[in-house]
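In: below is the structure, and that's it, no one-letter string:
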């Protein structure tokens, strides 16, 4: 089992002098995703709004590449966070499947 998140070894938390702490990985793109029934964002004199869909708070760094952006957008579009429109089974459909929208902040 591996994790993309960095956690210090338990031994360094118990006895900080036991060994040097590992260097955390460099910061990279992060997304916080919220299912919404409607959302709107106002900024720079512009308003973006959607009905049912996803509100995505996206954090970028200067080291992120267009390939990183494409990767995270594909992951977000593939998320199964909505119920199936035909069977109402939860967690069976993505935003594209339901014809929903997305707002990136």
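Out: Okay, I see it. Everything quoted here is computed from the prediction, not taken from an experiment. Residues are numbered from 1 along each chain as shown.
In: mind telling me what element the residue nearest to the spatial centre of the chain is part of?
Out: Central residue of the chain (CA atoms, centre = their mean): residue 31, 2.9 Å from the mean position. Residue 31 belongs to strand 30-36 when elements are defined using DSSP states H and E.
In: what helices or strands is the helix or strand just after that strand leaning on?
Out: Next in sequence after strand 30-36, counting helices and strands by DSSP H and E, comes strand 39-43. Applying 3 or more CB pairs under 8 Å, 6 or more residues apart in numbering; DSSP states H and E, one finds that strand 39-43 contacts strand 46-50, strand 53-59, strand 101-104. Where C-beta positions appear, they are placed from N, C-alpha and C, glycine not excepted.
In: rewinding a little: buried sites along the strand holding residue 31?
Out: Within strand 30-36, the residues that count as buried by 16 or more other CB atoms under 10 Å are 33, 36.
In: do the same with stretch 54-68
Out: Applying a neighbour-count criterion of 16+ other CB under 10 Å, the buried positions in stretch 54-68 are 54-56, 58, 64.
In: chain neighbours aside, what residue packs nearest to residue 37?
Out: The shortest distance from residue 37 to any non-neighbouring residue, by CB to CB, 6 or more residues apart in numbering, is to residue 52 (5.6 Å).
In: ugh, wrong one, I meant residue 84
Out: residue 92 (3.8 Å).
In: check the gap between the nearest residue to residue 59 once chain neighbours are set aside and residue 68 for me.
Out: Of all residues not flanking residue 59 in the chain, residue 30 sits nearest, at 4.5 Å (CB to CB, 6+ apart). Counting by CB to CB, to the nearest Å, the gap from residue 30 to residue 68 is 11 Å.
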